[in-house]
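Colleague: sequence plus the predicted model coming up.
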Amino acid sequence: MPVVSRSMRLTDRGIYWVLAAALAAAGLIPEFRSLGNLANVATQSAALAVLAVGQTFVILCGLIDLSVGQLTGLIVVLVCDVAAGRDAMMAPALLLAIGLGAGSGAVTGLLNNRLRIHPLILTFGTMSVLQGIVFTYTDRSVGRAPAAIAWLADGRLLGLPVAPLLVLVLAAGAHVTLTRTRFGMHVRAVGGGRDNARRAGIDTDRVAATVFVISGVSAAIGGLLVAGRLGVGYPHAGAGFELDAIVAVVLGGTSLAGGRGSVAGTVAAVLLLGLTNNVLNLLQISSFIQMLVKGLIVIGAILVNQPGGRRAFA
Amino acid sequence: MAFLEIRGLSKTFPGVTALDGVDLSAEAGEVHALVGANGAGKSTLMLALAGVLSPTAGEIRLAGVPVAFGTPRAAIEAGVSIVYQETSAISEMTVAENIFLGREPTTRMGLVDRRRLYEETRRLLDRHRLPLDPAAQVGQLTVAGQQLVEIARALSIAARVLILDEPTAVLSLAEQRNLFDIIAGLKGPRLLILYVSHRLEEIFAIADRITVLRDGRKVTTVATADLRQADLVRLMVGHEVRERIPLPAPAAAPPLLEARLNGSPPRLEVRSGEILGFAGLVGAGRSRLGRSLAGLDPIDLRIDGRPVRLRSPADGLAHGIVYLTEDRKREGLFDNLSVLVNATAAALPSLSRFGVVRLAAERRAGAAILGRLRLVARSLAAPVRELSGGNQQKVILGRALLCRPRILVCDEPTRGVDVGAKDEIYDLLLELVRQGVAIVLISSELKEVLALSHRVLVMRDGAAVREFTAGEASEHDVLQAAMGPLPGAA
Amino acid sequence: QGVETARVQETVTTARFKKAAPYRVGVAAGYLSNSWVVFCLQHIRYEASRHKEISEILVTDAGFNPGKQVADIEDLISKNVNLILYWPVDEKAIQPALEKAVAKGIPTVNTGGGFTYGPGTVANAFIDQVVLGDMVARQLFKDMRGKGRIIAMLPIAGTTAAVDQLAALRTAIKEFPQIELLSAEYGDWNRAKAKQITENLLQRHPRIDGVFSPAGQMSIGVAEAFEEAGRLKEVVMSPGDEYNGWLKWVTKHGRGGAVTFPTRVGQEAVRLGLRILNGEPVKRGLTVPSEYISPASISRYVEPKRPDDWWASTLPEEWKPK
Amino acid sequence: MSTEAERPRVRMAAIVSGLSAGWLERAAIWVVLLALLGVAALFSDAFVQPIYLFNMVRQAAPVGMAAIGVTLVMVMGGVDLSVGAVISLAAVVAAVLMDGQAGNIGYALAATLTIGAAIGFANGVLIAWNRASPFILTLGTAVAVYGLTQIYSGGTARGIVAPGFREFFNQRIGGLVPVLALLFLAAASLAVLVQRTTRFGRSLYLVGSNPGAARLAGLHGARLTVATYTLSGLLAALGGITLLARSGVSSTFAGRGFEFDALAAVVLGGTTFEGGRGGVGGTVAGLLVLFVAFNLVNILGLNYNTQRVVAGVIIIVASAAYTLLTSRR
Ligand SMILES: Nc1ncnc2c1ncn2[C@@H]1O[C@H](COP(=O)(O)OP(=O)(O)OP(=O)(O)O)[C@@H](O)[C@H]1O
Ligand SMILES: Nc1ncnc2c1ncn2[C@@H]1O[C@H](COP(=O)(O)OP(=O)(O)OP(=O)(O)O)[C@@H](O)[C@H]1O
Ligand SMILES: [Mg+2]
Ligand SMILES: [Mg+2]
């Protein structure tokens, strides 16, 4: 007789129900149903979605990365300043962004492995450092995003908005990586228990470093999208992104303790957040009440989805 | 030179010398047992061999080649596999994912080949007759199930050295026998099996040679054939096991605790001064019953003849029902807290006044009970996670005893405990019984259940199937009742 | 003097924005959690109430996030507003979104403390921060009799306000060789932060003769730090603005004064927007001038019964924030 | 030999009944603090002047009050990110209710504390009942509370502080110790006492260390959760009152970001997200490390941007030094 289960598994699918309900409710608003508006919502959410997908790797691995917001800001500023609106500079700017994102992630990963301090504190520190670097570089908006980047963020391909397509491709890639590759399994294993994963022969340090690199690269791509949308290198552009990303990841059913979660849930949660903003604006709800409502929606969604267990990081 | 040569191996932790210049040699083809009291250093030695801990000094040679496994990965690659004393599987992943973690089969495209992963797991489990579902989440398995995952994982690594650190501590008889069959089948000229256990019968049944450790040093290595059990005990704990005084008869009073059961007998009754033993296979539902007696699951319950409803273990405690869990790691230990705090955790109401803990009284009470249990620890303030497995068990047993139970439900109370301490625990249980405590004893060590219980209740598939009284039960009868009518032969 | 005079004076033809009433007016606020902005918005609402042709005011709040402000503007376009008044989190960052609006025939009016010149901004109703900074600096230097060491307390680093005010101060200081700028700090419009920064400045500099702080909100924090260190006497406070808490301080201490940062710029923005919707040609920039109020005449503006976080304004009582 | 067997083989010389690990773990952050102060003193003699140091304690008091509550919550294995919002709301409510009348002070403070506790209570109930992730739940509460505050204040900082209120809290006893600093130190000491000696304190550690085991040991995790979050809300409200007293600020976002300063202090102080470790003593040290760091870069005259870089590096280095001092491998 097989050794039977001890408890029913909690459903992690709550976010899809919440999203479906929100979509249905939003469908009652005439302006909402316009295709243009839907494309808007998807486009507006693209940068956050990319960052949140990256953060999903980090959180699944039982870590957290607060530095991505400021890293995004730095990349927005540098890309716009270097490119200065010239499409010819597109390639170098792209290389710079990805290189910087990966590099910064690698440094965070290295520090994480060497110093063994809680990643929340570590990345709180690197966030502060990055912020200092951004503002040392410039304290006001600089440069211009090349048209190609603007197209990436805001343009259309065969009538479809490009940024959401990009998100779709990246999310699909991330999903396959997490569920179908050895690396993805190792990420979940390390998140499930670092010591145990090590005992299974996994190079936990390498896995940890890699997820930080992924997170850094996602900040780079997110930064490109933000740069494209804003058109200029605005130094505060990334502020707060890290928290939004974390909220989306956890609302999407990924446990802060690591080991459990999905990219699809994250994307659904990002859409829910974007939808909320859009609908509240369309409904002309006063911004103060909007804030209250958004808070309540986050509370409601986490209560429905409950990827928790009374622990801070659970 | 022997296949495995360990020379002068030492390991110190802050404040503790766990291993002190241990020499050991073992040959391929043998089952080499490692015995010693709790805290003797057996697990530490095995962890060093498996690359989990780096030794402070000394040398390990495998087939003549010096090895220094900095990481478990290096050990695995060298063909050393281990079943850890504490389960090390990842709860969030499935059985199959855990077994092949780090060695997942891949398709030509580099993706994990899930079909092969599950097929190979299926085959492995079938080959060794391990009752596991490859797709089950490990977090939902019982302790025994998790232990089987560990074993399957170790077996899946084509090993030169297979280390088993108390693999049977949480297994019930059928699984234990199965494991011995597996070990017998694996035994071959190229494989060394290192076996750690406190169950001496097992050791005498399967080991070719025995190494005894005491206080971090090697005492001796002897061939099993040259040794009697009593000698081994003396080598391990320094004195012989005492003869046990026979069970006192329970008071002829009405039952202290009654509960409704599925099956027959339809009711469970324990009197003051009585030990009711539970036998059954893994997953028979003994633990579940024990948990409901403690207030973790709803059940029809009478105490002193009055019906009560327990909503939580706190309710249970209020009625004098104390539960000793089998799952030490998940719901027994406060890992990072001190030994003392662990021991007194459930007795705080009696150790405090106006919500303030009387620290001196707490310390006295804790020291007294842990002293009786012969705890080995650096200090009462040391975090409990630093203790050896058996000593951790003593701490949670001490916690239960400090609550002054009227009804004690103990689930595998001697899990991982050395013979000396086991004896001490038996004496303690008997003393409690003499003081009028009613005890429900759940144990997978059939000998233990039979020796200690006034009556033995056998469970199968979640239901009670039979009750034996002390004299009438034989090991054979109990086992047969537990396994049920077998198709074909017995 | 002041920002880009030629550009401000430039005439904008607005025929293509001409529309028939009723109008829906969108307000894309970069932020609303600031009392000055709240008063400014009340001015907008008040002015709108006086025009029957305005049927509705739609307000969005980006909460200091330019990405959200871009999205807000897109949402307002979705809602088919006829006019967008806005104050930016970052003026450059929302240009593309504003350009979309203009391309759709929706005129945009920048409202508040900065002047923006670009295809996304049809016109500005604004307070010239360079002029204001210059007025504050000169009044300070005058009160200091042209010499001494000063510190500057500025708003959030990188904002138009901070950049323009510091530029004005640096320009003015060139004419006063005996004035030395010890340090320029960013107090984020936050009284507590300004106080903490000043506490450290007081440790660092044994003598500080003057404080350049155009934002009254922060001036109070600065003054408090000086007072607690027992050094309020040695220092000259620059004029702040008509922030009620600062006005109370000025009343109590009889020094400092104020250079106004008029919240009625919101009203001017609505009028300007209506003219554009009428197709009347307008100037690219409509300046709402700052005035100096001496400590002696401060009593006409201060409202002692009101909270600190309040602005002297010309709003009728029932339109003041509740 | 038989008598030896009766006694526990433990060294009884063992230090104070340590809840979590050894003394080193608890002392490490103080060592780091002293080292940092030593370095700071090389740059400015302000860091050896008692009057300056006490002023720093006063600066730290608003965050510190909240950090005490956050510590207790985190020891229990939770986290409370709503404290920044509660601080802001409390400052606004207290100022509005005072309405410039000295006679209103008592009533205003009582009402403010009640509101703070009520928000904490709501957090606690939702977390205990639903087992939702406290990290996100309290983040949501924070957003909702900011919304409430804005609705209540209309976006301006309403309310007039009563005369005498700020003067009382800011006066320096003996010309040296500000009442606010004293109040904070008193609150912290009380919390240390509670955490060390009471059943409530002990329960926090037990539940934080292993909720399952705590349940079996007869503890009521849910009740404790509610009580602790309530306390955290209360202390955050006290932080808001402290902020109002220190700076007179009562705007919607007065306490924005304080939750992360508090969190940084708590974690620097050795309390972890896993729960069951650390304590208020460490938090006080961690808090002071942060404030010494901020003040040092400030007093050095570094510009704001460099400040951010240096502060970040100090946080990482201090934390790493702490880990090094306490690590056991
Ligand atoms: N991480 C650690 N930190 C400090 N001390 C440790 C640590 N691990 C083990 N020890 C100590 O080392 C000694 C040997 O422990 P070990 O686990 O090897 O014993 P064991 O022989 O396996 O005992 P058991 O039969 O109870 O499993 C014990 O005194 C234990 O307290
Ligand atoms: N008849 C049954 N049907 C379904 N599930 C059952 C049945 N009996 C027991 N179980 C489940 O099996 C699990 C294992 O039971 P339990 O742990 O009580 O068994 P046990 O005899 O103590 O075995 P172990 O040695 O594994 O502790 C329980 O969680 C229970 O939910
Ligand atoms: Mg062991
Ligand atoms: Mg069991």
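Modeller: Right, received. Where do you want to start? Since we're looking at a predicted model, the values are computed, not measured. Ligands and ions are numbered 1, 2, ... in the order given.

Colleague: going by C-alpha atoms from here, please, whenever you check contacts or count neighbours.
Modeller: Fine.

Colleague: residues contacting A:Asn112?
Modeller: A:Asn112 makes contact with A:118-119, A:122, A:208-209 under the criterion Cα atoms under 8 Å, 6 or more residues apart in numbering or on different chains.

Colleague: check pLDDT for these and point me to the minimum.
Modeller: For the contacts of A:Asn112, the model is least confident at A:His118; its pLDDT is 82.

Colleague: tally of neighbours for it?
Modeller: Other residues near A:His118 number 20, with proximity taken as other Cα atoms under 10 Å in any protein chain shown.

Colleague: got the contact list for it?
Modeller: A:Asn112.

Colleague: what's the distance between it and ligand 1?
Modeller: For A:His118, the distance to ligand 1 equals 20 Å [Cα to the nearest ligand atom, to the nearest Å].

Colleague: what's the answer for C:Phe115, then?
Modeller: Using Cα to the nearest ligand atom, one gets 66 Å for the distance from C:Phe115 to ligand 1.

Colleague: surely that residue is in a strand?
Modeller: No - applying DSSP: H, G, I helix; E, B strand; the rest coil, one finds C:Phe115 to be coil, outside a strand.

Colleague: tally of neighbours for it?
Modeller: Close neighbours of C:Phe115, defined as other Cα under 10 Å, add up to 26.

Colleague: excluding chain neighbours, what is closest to C:Lys92?
Modeller: Spatial nearest neighbour of C:Lys92, chain neighbours left out: A:Val232 (6.3 Å); criterion: Cα to Cα, 6 or more residues apart in numbering or on different chains.

Colleague: C:Lys248 versus the one you found, what's the distance?
Modeller: Distance from A:Val232 to C:Lys248, counting by Cα to Cα, to the nearest Å: 41 Å.

Colleague: and the residue nearest the centre of chain A?
Modeller: Nearest to the mean C-alpha position of chain A, by Cα atoms, centre = their mean, lies A:Ala52 at 1.5 Å.

Colleague: now for that residue: which residues touch it?
Modeller: A:Ala52 neighbours (Cα under 8 Å, 6+ apart): A:245-246, A:248-249, A:266-267, A:270.

Colleague: dump the residues you listed to a markdown table, plus secondary structure, distance to C:Asn65 and pLDDT.
Modeller: Output for the contacts of A:Ala52, formatted as a markdown table (DSSP: H, G, I helix; E, B strand; the rest coil; distance: Cα to Cα, whole Å; pLDDT from 0 to 100):
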| residue | secondary structure | distance to C:Asn65 | pLDDT |
| --- | --- | --- | --- |
| A:Ala245 | helix | 15 | 93 |
| A:Ile246 | helix | 17 | 90 |
| A:Ala248 | helix | 17 | 91 |
| A:Val249 | helix | 20 | 91 |
| A:Thr266 | helix | 22 | 93 |
| A:Val267 | helix | 21 | 94 |
| A:Val270 | helix | 17 | 93 |
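
Colleague: now, the most widely separated pair of those?
Modeller: A:Ile246 and A:Val267 (11.9 Å; Cα to Cα).

Colleague: returning to what we had before: in the contacts of A:Asn112, which residue is surrounded by the most others?
Modeller: A:Leu122 (28 neighbours).

Colleague: which ones are touching that one?
Modeller: A:108, A:111-112, D:315-316.

Colleague: more neighbours: which of A:Val232 and C:Lys248?
Modeller: Neighbour count, other Cα under 10 Å: between A:Val232 and C:Lys248, A:Val232 has more, with 32 against 22.

Colleague: surely the more buried one touches A:Val77?
Modeller: Yes - counting by Cα atoms under 8 Å, A:Val232 touches A:Val77, with 7.4 Å between them.

Colleague: find the residues that touch each one of those two.
Modeller: Contact criterion Cα under 8 Å, 6+ apart; residues shared by A:Val232 and A:Val77: A:141-143.

Colleague: ok, those vs chain D, which is closest?
Modeller: Chain D has its nearest neighbour among the shared contacts of A:Val232 and A:Val77 in A:Ser141, at 15.7 Å by Cα to the nearest Cα.

Colleague: no further queries at this time; thank you.
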